[in-house]
Structures are given as structure tokens and as C-alpha cells.
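Have a look at this prediction, sequence included:
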Amino acid sequence: MKLKIALQRSGKLAEGSKELLRKCGIGFSNGGDKLRAEASDFPLEIFFLRDDDIPDYVADGVADIGIVGENILAEDPKNVEILEKLGFGRCRLSIAVPKSFEFASIKDFAGKRIATSYPMVLSKYLSDRGVAADIHEISGSVEIAPSIGLADAVCDLVSSGSTLFSNGLREVETVMNSEAVLIRRPSLDDERSNLLDKLLFRIRSVMAAEQNKYILLNAPSDKVNAIISILPGMKSPTVVPLAESGWVSIHSVISEHDFWEVVDNLKRAGAEGILVLSIDQMIR
Ligand code: PRT
Ligand code: ZN
């Protein structure tokens, strides 16, 4: 018996999804144009699909779990449960306007034509703010709509912003933020539930590891207390004596989030020879 997972076949989530499985110690032949693969060291069967189809496949039970962008679920909600945000595929759904559009507030879109592939999300966003605009649903190349006279503004996914920039558009309003999420179908038998728990445990360990760094540093013994007070760590840091008397080595785990600030404070408190390493897995 195997757990079945649906991943995007090619596109912006494909690499991140495959990499996550590999970091969980799950190997598989990298599909190419294959639609299916069997994992070699976990009872997992992988389907490679178009991202838009993934929520349906999971809701219908063709797959047990899947990885998809939150934006897809927001536009077309399905009977699936979100288990975990995965920290990749980050983007935002934004409204952007040509340079000539004088934008002061969201109210300026009243009566204007906005082209988007996300009509449901956009119309809810606008109606929540009491704005009645004319929403044109188009399925691709939304960014060219203003230049060909199809719309006054666009509402599209943005990550670096370079697509908007090269089409002379300016981002003025964020409608939603999105990232890849792991979804499951609501009804899973016990055996598959157990497999999913095992996989989730690995995914959470990989994600915790990515958010943390292992830090090693040297310090004079009389500075140890000051330095330890700066290190948040999982528990109390490890302190080991160096061969040179009066010196110790301190090891701890710090969050990537406030990493540079902690390192600055450590230097100021007398730390030397600071080494920072990435962590493969963090088991809690
Ligand atoms: O073939 P399939 O249907 O599977 O793929 P697709 O072409 O529909 O989707 P794809 O691969 O473009 O995106 C899959 C998912 O990746 C989306 O649903 C989002 O959750 C996520 N994602 C993250 C993005 C982006 N970043 C992104 N930048 N999806 C699309 N874009 C597009 C955007 O639409 C615009 O055309 O990239 C362009 C903008 O990029 P920047 O970097 O120039 O701002
Ligand atoms: Zn798609």
C-alpha cells in the first residue's frame, strides 16, 4: 500500500516540490515526461500534473495529498485540507497599473476594467472594499492587457516584479500573499494516515532545519555568561573547553530570522572565530 502524492509536473512549484521530497530522504526517478514515479525508499507514488488539476485530484481521492499554491485554492476552493505551508513558491496576487493611471486608492478602480486569471479572489477583494470594477477573466499573458487596450489595470501573480516592470506596469495593491502548501483529502484510511504522519514528521524536520543555523564560536571564559544570554538556542548551549586555558567553544542553534543581529551582538560581547553551518534535519 502506498501514499499517493500529486506534484506540479513543470513550472514554478515543480523543482521546490521535488527538492522537498529529496530532503525528506525520498528518492525517485525524475519523471522527465513521465506522469508517474515510484519512490525508492518510502511507500509513495508520485503523480506529475498541471498545478490547476491538483486540488481536484486530491479532493476526488485519485491522490491522497498534493502540493499546490494557496492562490489556486483561494480562486477555486475544493474539499481538501491544508496541512502545512511549505515556504517556497512565494508570490503575491497584486493589482498593477500603467504609468498613466493616476492611482491614489483602491476606489480609483470603480468602473475600471481589470484583467486577471483570478476573478473570484479579485471580485471578493473589491466588493469587500465597496468597489465595483469590471473584471475581465483571461487565462494567460495578463500583463499585456493594458498595452493592447483590453484593460485599464491587471491583477496577476508577482514574485520578482520584473514582468510587471518590463510591461510598464506598477504594482499598487496586494490582494493576497501565497506560497506552496501541502494538502490532503479529508478521508484517509488508518494505514495511509500513518504514512502521512511519517512524511509530515520529515517535512517539518526539514523545514525547521531550513529556518535555523548551527553556530560555533570561541570565547574567553569570563565572557561566557554574556554570550549565552544572547543565544536563544533549543536548550542551553553546549560549552566545551579549548586546549588554550581560559577559552571555551560555544555551540548553539539560532534562527535564520534574527541571525545577523545575533552575530553582531555576539561579536560585541567578545565572541571570536564564529562559524555558522546549515542544518540538514532538526528532529523535535
Ligand atoms: O502548467 P501548469 O498549469 O502546471 O503551470 P502554470 O503555468 O499554471 O503555473 P506556474 O508554474 O506559472 O505557477 C505555479 C504556481 O507557482 C502558482 O500557482 C503560484 O502559486 C506559484 N508562483 C510563484 C508563481 C510565481 N511565483 C510567478 N511569478 N506563479 C506564477 N508566476 C508568474 C506570474 O503569473 C507572472 O507571469 O510569473 C510572472 C511574474 O514573475 P516575476 O518574477 O516577473 O514577478
Ligand atoms: Zn496552471
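That came in fine, so what should we check first? Ligands and ions are numbered 1, 2, ... in the order given.

which residues in the chain form helices?
14-23, 54-59, 70-75, 119-128, 162-166, 190-210, 224-230, 259-268 (DSSP state H).

export these to CSV and tack on mean neighbour count and mean pLDDT?
Every C-beta, even on glycine, is put in place using the N, C-alpha and C of the backbone. Compiled in CSV, the helices of the chain are given as follows (neighbours: other CB atoms under 10 Å; pLDDT from 0 to 100):
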stretch, mean neighbour count, mean pLDDT
helix 14-23, 18, 96
helix 54-59, 22, 98
helix 70-75, 19, 98
helix 119-128, 17, 98
helix 162-166, 13, 97
helix 190-210, 16, 96
helix 224-230, 15, 93
helix 259-268, 14, 94
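
For Asn79, which residues are in contact?
Taking CB atoms under 8 Å, 6 or more residues apart in numbering as the contact definition, Asn79 lies against Ala59, Arg185, Pro186.

near ligand 2 too, which of those?
Judged by CB under 5 Å from the ion, the overlap between those and the neighbourhood of ligand 2 is nil.

Please identify the residues of the protein in proximity to ligand 2?
Asp51, Asp52.

What separation is there between the residue located most distally from the centre of the chain and Val224?
The outermost residue of the chain relative to its centre, with distances by CA atoms, centre = their mean, is Ser245 at 46.4 Å. Computed with CB to CB, to the nearest Å, the distance linking Ser245 and Val224 is 14 Å.

Likewise for Glu256?
Distance check for Glu256 against Val224: by CB to CB, it reads 24 Å.

what does Ile65 give?
As defined by CB to CB, Ile65 lies at a distance of 46 Å from Val224.

same thing with Leu83?
In this structure, Leu83 and Val224 are 42 Å apart, going by CB to CB.
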